[in-house]
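Asks: Structure for this input, please:
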Amino acid sequence: MKNKNNINAKYSKFGYIFVIPFTIAFLFFMLYPIFYTAFIGFTGLKGLGNTISTPGMGLLKENIFKNFKDVIANGTFQQSMKNTVKMWVLNFIPQILLALLLTSWFTDKRSKVQGEGIFKVIFYLPNIITAATVAILFGALFGYPMGPMNDLLARFGFIDEPVHFFLSKNVAQGVVIFIQTWMWYGYTTVNIIAGVNGISPEIFESAEVDGASRTQTFFQITLPNIKTIMLFILVTSLIGGLNMFDIPKLLVTNSGPDNATKTTSVFIYDQAFAGSYLYNKAGAASMIMFLIIVILSAILFYIMRDKDEAALKKMKKQQEKLRLAEIKAQELLNGKGM
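Replies: Alright, predicted model coming up:
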């Protein structure tokens, strides 16, 4: 037994060796930038080539939260925040509805879908294409004065002159929303299907024997059993949606008419690199978005928690407290008896 334990201990060190490259990369390329970004949010750091040690670029001693207050009061930041939330919500709702519809179709054995694997590949394909490629593609489709969309509308007599689509706020935002939905609905569908496939088939067979309809099966059996995967999709979509950058930045020049497609990530980029070089403001805005994402994620976790499991844990804690109280009371009685 001793030799076996020695062998296990000998080989376990290789696990630590294998994680060293990831740990080093994580510390230098992820954890350090996060802490440095948070730090410069409390400084006056500006411009290329400046450092924290430059006079006047250190910590803001008089009003350490000045950058954060300035960012929150900034009208452009407020507008970019509204745009971000609007475009995320309006692309997530149709995305999740379409994903649930496709999931109910693919996972219902009574549907008997032929070539299910091919459909999944086709649906997931837009997610593989890089955002830059997609932005260039749709920029060309809605091009002015010549582009496929203008040609199509002119051919069917809907327009007499070419239309500059991205001069309209609603059209610019609508195209971004459509692209985000088109790119991510396949990813969402595949994840939900994976969650449904994890449910015991016996439950669905029992429902079918009992005469449950497809709608009843989906809403009363499928949805309650994929709460965990739905929480994962909601949180990851929230994080990705509030960090939306590639499509809004690359699709429309200068964030469209009146900053219609400017998101918070684009605002942060503009503050740091697009002429302003206000690293302190960009750092403060990044930390504000980080806190918003953490708070909203915590709310989602709380709302979608397993209430039965939480109630069971609470009951177990109460029982444990009662048991400890009884033990203490017994010890006191024994002590008095002596």
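
Asks: Kindly tell me how buried Pro257 is, as a neighbour count.
Replies: 16 (other Cβ atoms under 10 Å). No exception for glycine: its C-beta is placed from N, CA and C like everyone else's.

Asks: Would you list the phi and psi of it?
Replies: Note on Pro257: backbone dihedrals following degrees, to the nearest 10 are phi -70, psi 130.

Asks: Give me the pLDDT for it.
Replies: With respect to pLDDT, Pro257 scores 84.

Asks: From Asp246, how far off is it?
Replies: As judged by Cβ to Cβ, to the nearest Å, Pro257 and Asp246 stand 20 Å apart.

Asks: just checking, next helix/strand downstream of the longest helix seen in the chain?
Replies: If you go by DSSP state H, the chain has its longest helix at helix 75-107. Downstream of helix 75-107, the first helix or strand assigned by DSSP states H and E is helix 116-128.

Asks: Quick check: buried residues in the next helix or strand after that following helix?
Replies: Counting by DSSP H and E, the next helix or strand C-terminal to helix 116-128 is helix 131-141. Within helix 131-141, the residues scored as buried using 16 or more other Cβ atoms under 10 Å are Ala131, Val134, Ala135, Phe138, Gly139.

Asks: what angle separates the longest helix of the chain from helix 116-128?
Replies: Per axes from the mean of the first three to the mean of the last three Cα atoms, to 10 degrees, the angle that helix 75-107 makes with helix 116-128 is 170 degrees.

Asks: Helix 75-107 - contacts with which helices or strands?
Replies: With contacts taken as 3 or more Cβ pairs under 8 Å, 6 or more residues apart in numbering; DSSP states H and E, helix 75-107 sits against helix 116-128, helix 169-197, helix 227-242, helix 264-272.

Asks: Quick one: name whatever helix or strand follows the longest one.
Replies: Next along the chain after helix 169-197, taking DSSP H and E as the criterion, comes helix 201-209.

Asks: picking up where we left off before, format the helices and strands packed on helix 75-107 as CSV; extra columns: mean pLDDT, mean neighbour count and distance to Met149.
Replies: As requested, the helices and strands packed on helix 75-107 are arranged in CSV below (pLDDT from 0 to 100; neighbours: other Cβ atoms under 10 Å; distance: least, Cβ to Cβ, whole Å):
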stretch, mean pLDDT, mean neighbour count, distance to Met149
helix 116-128, 87, 13, 18
helix 169-197, 93, 20, 10
helix 227-242, 93, 17, 26
helix 264-272, 93, 22, 24
